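K.L.:
What follows is a predicted structure for the sequence shown.
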2 protein chains.
Amino acid sequence: MLNNKSMYAILGILSLSPSTGYDIKKYSDKVLSGFWNENFGHIYPTLKKMLEDGMIEIVYKEKNEKKIRYGITPKGKRELEAWFLEETMQQPIRSEFMLKLLFSSSQPRENVIRMLENYKERHEENIEKYLRMQEDLKQGIQEISKERFLFINAILRKGIISNEAVIHWCDETIEELQH
Amino acid sequence: MLNNKSMYAILGILSLSPSTGYDIKKYSDKVLSGFWNENFGHIYPTLKKMLEDGMIEIVYKEKNEKKIRYGITPKGKRELEAWFLEETMQQPIRSEFMLKLLFSSSQPRENVIRMLENYKERHEENIEKYLRMQEDLKQGIQEISKERFLFINAILRKGIISNEAVIHWCDETIEELQH
DNA sequence: TTATGGTATATCAGAGTGATATAGTTGTCA
DNA sequence: TGACAACTATATCACTCTGATATACCATAA
């Protein structure tokens, strides 16, 4: 376990409340989606290793209960704290859309424009999702601390701002391709 | 070879001119950086498979020359064309910075602000890089077709617009965290 | 009652990353 | 001219991550 980033996502989630692998996936899809993703094929093996390493423990398992609920251990908390102080390196990026666009100069214009319109629509949907999440956050404000509200809201604002920029770029580029 | 995206990046690059594995890496780092990355550990095995599959061929190897230069074959060109027509699915995203931020609500404020300032600086550097690339593109405009200029410029504009949005968000968020 | 959908765990092949090894070539500057 | 640095070039490996698939249980609605 040297450079497994999923470990930090899992530790972060478990630091909020004990969860099953399935819960972790649900949380990723719901709250982290937009900037982080996890899948079962990685969650379960990582949980197994983290258990071996003493970062997490099985906190709740009734006799006949089949689900396995994990909680963070003091060692896991220390690991999470150390991660906050570490310098964050930039991740490798891969945008298949941009790759396709770069090599599209000899494609029919209408195909490229359709591609851009499609891309724009997806980003408009993203904004709608973020706005809904912002509404939900404001509705449920009493459930979380002011601190946490500030941070979650910052993340939602980033999603909105970034997607707006892309939409603006799509409009400009479609315009330019139409002469 | 079912879902290897590097294959399309390589086909795209080879459709411009025959290249060695090293050339492909250089092109990725110089032109594609910002939205696409390749590394040797994937380029060489992929080239090997693509050669087996008849997508590419060794086009130039003098008697005593040790470097292996690859060119795209008609089959490779068809594969590339088919890719343009395919729907582009969104790629999974992983921003370690955003993950860290989400779980940072109990960290000392000054640490979080330092993190954000660092993040902002990196995006300012990105913009400078894109502006330099835009200058280089304008200087060398006679070397490439008008079509290609349009597309490369669009990509650079996207880099600039997106990074500006992030910088704006950083300013807003730092402000908010300082009360 | 049967099917639909959500909960829950798990495995696997293959894609992609980052580090490292090796060796030849070119440039430079002392 | 010879030594050293920097670049060119190919390759492998352990590990991370993805996406598909399999299995099975449970609730509930048609």
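P.N.:
That came in fine, so what should we check first? All values reported here derive from a predicted model rather than from experimental measurement.

K.L.:
and the spatially most central residue of chain A, helix, strand or coil?
P.N.:
Central residue of chain A (C-alpha atoms, centre = their mean): A:Trp36, 2.2 Å from the mean position. Here A:Trp36 is recorded as coil under DSSP: H, G, I helix; E, B strand; the rest coil.

K.L.:
which residues touch the nearest residue to it once chain neighbours are set aside?
P.N.:
Closest residue in space to A:Trp36, ignoring its immediate chain neighbours: B:Leu99 at 5.1 Å, by C-beta to C-beta, 6 or more residues apart in numbering or on different chains. C-beta here means a position set from N, CA and C on the backbone, and glycine is covered the same way. B:Leu99 sits next to A:5, A:8-9, A:12, A:32, A:35-36 when contact means C-beta atoms under 8 Å, 6 or more residues apart in numbering or on different chains.

K.L.:
same check, this time on A:Ile127
P.N.:
Contacts for A:Ile127 (C-beta under 8 Å, 6+ apart) come out as A:159-160, A:163-164, A:167.

K.L.:
Quick check: which element contains it?
P.N.:
Counting by DSSP states H and E, the element that carries A:Ile127 is helix A:109-139.

K.L.:
What's the end-to-end length of stretch A:134-146?
P.N.:
Using C-alpha to C-alpha, to the nearest Å, the end-to-end distance of stretch A:134-146 comes to 14 Å.

K.L.:
Pull out the buried residues from that stretch.
P.N.:
Neighbour-count burial for stretch A:134-146 flags A:134, A:137 (criterion: 16 or more other C-beta atoms under 10 Å in any protein chain shown).

K.L.:
ok so, going back, you'd agree the residue nearest to the centre of chain A is up against A:Ile10?
P.N.:
No - A:Trp36 lies out of contact with A:Ile10 (C-beta atoms under 8 Å); the separation is 11.1 Å.

K.L.:
rewinding a little: what residues of the helix holding A:Ile127 count as buried?
P.N.:
Neighbour-count burial for helix A:109-139, counted by 16+ other C-beta under 10 Å, picks out A:112-113, A:115-116, A:119-120, A:122-123, A:126-127, A:129-130, A:133-134, A:137.

K.L.:
try stretch A:86-96
P.N.:
The neighbour-count check on stretch A:86-96 (16+ other C-beta under 10 Å) flags A:88, A:93-96 as buried.

K.L.:
count of residues packed around the closest residue to A:Ser19 other than its chain neighbours?
P.N.:
Leaving aside its sequence neighbours, A:Ser19 sits nearest to A:Ile13 (C-beta to C-beta, 6+ apart; 6.1 Å). By the measure other C-beta atoms under 10 Å in any protein chain shown, the count of residues near A:Ile13 is 24.

K.L.:
For A:Ile13, which residues are in contact?
P.N.:
A:19, A:23-24, A:27-28.

K.L.:
Name the member of those with the most neighbours.
P.N.:
Greatest neighbour count in the contacts of A:Ile13, by other C-beta under 10 Å, goes to A:Ile24: 24 neighbours.

K.L.:
Correct me if wrong, but it is in a helix.
P.N.:
Yes - the assignment for A:Ile24, made by three-state DSSP, places it in a helix.

K.L.:
wait, it sits on A:Ile43?
P.N.:
Yes - using C-beta under 8 Å, A:Ile24 is in contact with A:Ile43, at 5.6 Å.

K.L.:
Can you check which residues contact both of those two?
P.N.:
A:Ile10.

K.L.:
ranges for the helices of chain A?
P.N.:
A:5-16, A:21-27, A:40-52, A:74-85, A:96-102, A:109-139, A:146-177 (DSSP state H).

K.L.:
what does chain A have sitting close to DNA strand D?
P.N.:
Where chain A comes near DNA strand D, counting by C-beta under 7 Å from any atom of the strand, the residues are A:1-7, A:37-42, A:46, A:66.

K.L.:
Just name the shakiest helix or strand of chain A by mean pLDDT.
P.N.:
Ranking every helix and strand in chain A by mean pLDDT, DSSP states H and E puts strand A:56-60 at the bottom, with a mean of 90.

K.L.:
Could you chop chain A up by domain?
P.N.:
Chain A breaks down into these domains under automatic domain parsing: A:5-85, A:96-177.

K.L.:
Export those as CSV, with columns for distance to B:Trp83.
P.N.:
Compiled in CSV, these are given as follows (distance: least, C-beta to C-beta, whole Å):
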stretch, distance to B:Trp83
domain A:5-85, 23
domain A:96-177, 7
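
K.L.:
of the ones you listed, which approaches DNA strand C most closely?
P.N.:
Evaluated over the domains of chain A, closeness to DNA strand C peaks at domain A:5-85, with 3.3 Å, by C-beta to the nearest atom of the strand.

K.L.:
starting at the chain centroid, how far to the closest one?
P.N.:
Put simply, domain A:5-85 sits 15 Å off its chain's centre (C-alpha atoms, centre = their mean, to the nearest Å).

K.L.:
Look through chain A and state the residue closest to DNA strand D.
P.N.:
For chain A, C-beta to the nearest atom of the strand, closest residue to DNA strand D: A:Gly41, 1.8 Å.

K.L.:
quick one: contacts for A:Tyr44?
P.N.:
A:Tyr44 makes contact with A:Gly21, according to C-beta under 8 Å, 6+ apart.
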